[in-house]
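Q: sequence plus the predicted model coming up.
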Amino acid sequence: MTGNDSYIYRFSERMIDGNGSMCAELGGKGAGLAEMTLLSIPVPPGFTIPTAACRHYLEHGENPPGLDEQLSTALQWLEMEHNRKFDDPWNPLLVSVRSGAAVSMPGMMDTVLNVGLNRRTVNGLARRHGSMRFALDSYRRLLQMFGSIALQVPKTKFDQIIKAIEQHEDVMADSDISEVGLWKAIDRFQEVILLDSGILFPEDPNEQLSIAIEAVFRSWKNQRAKHYRRLNQIPEDSGTAVTVQAMVFGNCGPDSGTGVGFTRNPSTGEKKLFGEFLANAQGEDIVAGIRTPVEISELARSMPEVYAELVAITTRLENHFRDAQDFEFTVENGKLFLLQTRSAKRSAMAGVRLAVEMAREGLISRQEAVARVKASSITEVLSPQFDFSKGTPEAIAQGLAASPGAAVGRIALSADEAVEIAAEDVGATIVLVTHETTADDIHGMAVAVGFLTAQGGATSHAAVVARGMGKSCITGAKEVFIDAAKGILQIGGSTLRRGDWLSLDGSTGRVYAGQLPVRSVDVSNDDLITLLGWSAEVTSIGVRANADTPLDVTIARKWGAQGVGLCRTEHMFFAPERLPHVRAMILASNADDRKKALIKLLPMQQKDFETLFP
């Protein structure tokens, strides 16, 4: 049933209720899944609850009339489509519950995976996949996500339990914990949930699903989502859709895994599959930066058939949507499934290159290429870079170049600390340094000029947000060790403290101690020149520059400005050789001294005007 009275939009090989044009109703995720299903791309079956249901829930505090009944019917349908049943101890159906706004808000809202597991169904899952360890790992993941997201138990409490078990078993990662250790984690997680929330973890899968859906609805109103919407001018009242989808498992063993990728490099625009893959893991592991993944190209060696299929599918997606795609996928026992596709966020430099190359490839018109590049992106392409003309200092660390550009600022070791520094010292430049960023750090990321993380990859939260904000970012810098309590940052052999200067080169991944000089980029960018030429062909107005110095005019002329629209003459006096005379003029105690200073400034300013207006 679809239409105004329906809150269920199904997608499977045999039934599709939506399509890719329905982002406002189904959110970007739900619309993308429906469109991929229409294209016969391997997508696990599921259904999407539209944004209208979220809006009703947030306004009235309860689901809209009819949703619960339709949800029950949809579950029965999904059981038949997937040939598994909810709460079946022999062949259990598990689902993911994911958010999806009409406008992409990466990581800002919540997801709960493995819904449907309990102490009965975990044995059936183990039998079906031939691994009790896999089933227990999925069970502890459900407890961890459900507890922190649906019941508001602090995530750190679960992390501390996992860390203690890792230390006890002398292993390096949660993927190495034994079955015995996982049972201990499960028992202790359930104890923490009861003690902290006062609620016993629900064994009934239907209750789990109902609570998870409501938690995703509520996540529209969390602080990080609100902050992200303010930064990106996203309507506050649009709400999120919720997609309920049959689980596929990337944590089944070495022939399974999860990945995030882009059809073209989001930093440079290069036409080459770009992304990361993490074997024996679920999707949240890679975006959270918990473990450092490998490049997606490694799949060509470890799983060549999967890689070839992935390349073919993502090429089809790019051609179909006529834009670079950001996609998520899971491999379960050697079988590939696509879980998401959407237009990729990209750096300004990549955006220019993508627009020009896609126009030349015939995917889009020249006029559309011009329209796709924001004016602010041109500013970013021409942003300052480090000045290494007097030599290149030795880097103190090397990480992954996650978002290009130079960033120089004082160290803040938490998002809250970054906001405090910005409030105390208006105009301060801040570099946020953390183990990893999460969606809760968005307020601190907004005031920082760049991010450095010890963990994560080029598709982790910090990297994606940095590219969206146009800020420098380095991730996966393994030499970085942070003691936030003591305010100390250990990078290789260097010890720094909060407030010390740090310089990041997001184009190379190198980290430098101190305050490096920066310079304006002298760009001879063929793609940018081409795009500006195309824009001149379709423009109906002239462009004049704000130019206060001869250098400003030279740059403006180079990039096609037709004249100077505003010249603020006071800016002419900011040059180091002129400031002493300006200060002497201001501080002069009599007219004669003031006149002497002005006489020295006059020829400088006159020469500037002669250059500005030849």
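A: On my side now, so go ahead.

Q: buried ones in stretch 221-240?
A: 222, 224-225, 227-229, 234, 238-240 (16 or more other Cβ atoms under 10 Å). Placement of C-beta: from N, CA and C, glycine included.

Q: got it, and stretch 145-164?
A: 145-151, 153, 157-158, 161-162.

Q: give me the contacts around that stretch.
A: The contact list for stretch 145-164 (Cβ atoms under 8 Å, 6 or more residues apart in numbering) reads 110-115, 143-144, 174, 177, 185, 188-189, 192-193, 196-197, 199, 201, 208, 211-212, 214-215, 219, 284.

Q: now those: which count as buried?
A: Buried among these (16+ other Cβ under 10 Å): 110-115, 143-144, 174, 177, 185, 188-189, 192-193, 201, 208, 211-212, 214-215, 219, 284.

Q: which of those residues fall in strands?
A: 111-115 (DSSP state E).

Q: between those, which sits nearest Leu93?
A: Val115 (9.6 Å; Cβ to Cβ).

Q: contacting residues for the closest one?
A: Counting by Cβ under 8 Å, 6+ apart, Val115 touches 94-97, 142, 146, 205, 208-209, 212.

Q: center of the protein, which residue is that?
A: Centroid check for the chain by Cα atoms, centre = their mean gives Val464 as the closest residue, at 2.7 Å.

Q: now for the biggest helix by length in the chain, which elements pack on it?
A: If you go by DSSP state H, the chain has its longest helix at helix 591-612. On a contact count with 3 or more Cβ pairs under 8 Å, 6 or more residues apart in numbering; DSSP states H and E, helix 591-612 meets helix 550-558, helix 579-587.

Q: mean confidence for it?
A: Helix 591-612 carries an average pLDDT of 88.

Q: now do it: distance to the chain's middle.
A: Centroid separation between helix 591-612 and its chain, computed with Cα atoms, centre = their mean, to the nearest Å, is 51 Å.

Q: so that helix versus helix 550-558, what angle?
A: Angle, helix 591-612 to helix 550-558, by axes from the mean of the first three to the mean of the last three Cα atoms, to 10 degrees: 20 degrees.

Q: Gly468 reaches Ala344, doesn't it?
A: No. Counting by Cβ atoms under 8 Å, Gly468 stays clear of Ala344, with 10.5 Å between them.

Q: so which of the two has more stuff around it?
A: Neighbours were counted for Gly468 and for Ala344 using other Cβ atoms under 10 Å; Ala344 has more, 24 against 19.

Q: gap between the closest residue to that one other than its chain neighbours and Ser460?
A: Counting by Cβ to Cβ, 6 or more residues apart in numbering, the nearest residue to Ala344 once its immediate chain neighbours are dropped is Asp326, at 3.9 Å. In this structure, Asp326 and Ser460 are 13 Å apart, going by Cβ to Cβ, to the nearest Å.

Q: likewise Asp17?
A: The spacing between Asp17 and Ser460, counted by Cβ to Cβ, is 34 Å.

Q: go on, Asp416?
A: Here Asp416 is placed at a distance of 20 Å from Ser460 (Cβ to Cβ).

Q: Thr438 too?
A: Taking Cβ to Cβ as the measure, Thr438 falls 10 Å from Ser460.

Q: of these two, which one has the most company?
A: In terms of neighbours (other Cβ under 10 Å), Ser460 is the more surrounded of Thr438 and Ser460; the figures are 30 against 18.

Q: might one say that the more buried one is in contact with Ile474?
A: No. With contacts counted by Cβ under 8 Å, Ser460 stays clear of Ile474, the gap being 11.1 Å.

Q: what pLDDT does Asn4 get?
A: Confidence score, pLDDT, at Asn4: 49.

Q: out of the contacts of Val115, who's nearest Leu496?
A: When these are ranked by distance to Leu496 (Cβ to Cβ), Phe146 comes first, at 38.9 Å.

Q: quick revisit: and the strand or helix carrying the residue nearest to Ala344, which strands flank it?
A: In this assignment (DSSP states H and E), Asp326 forms part of strand 325-332. In the sheet, strand 325-332 lines up against strand 257-262 (antiparallel), strand 335-343 (antiparallel) (DSSP bridges).
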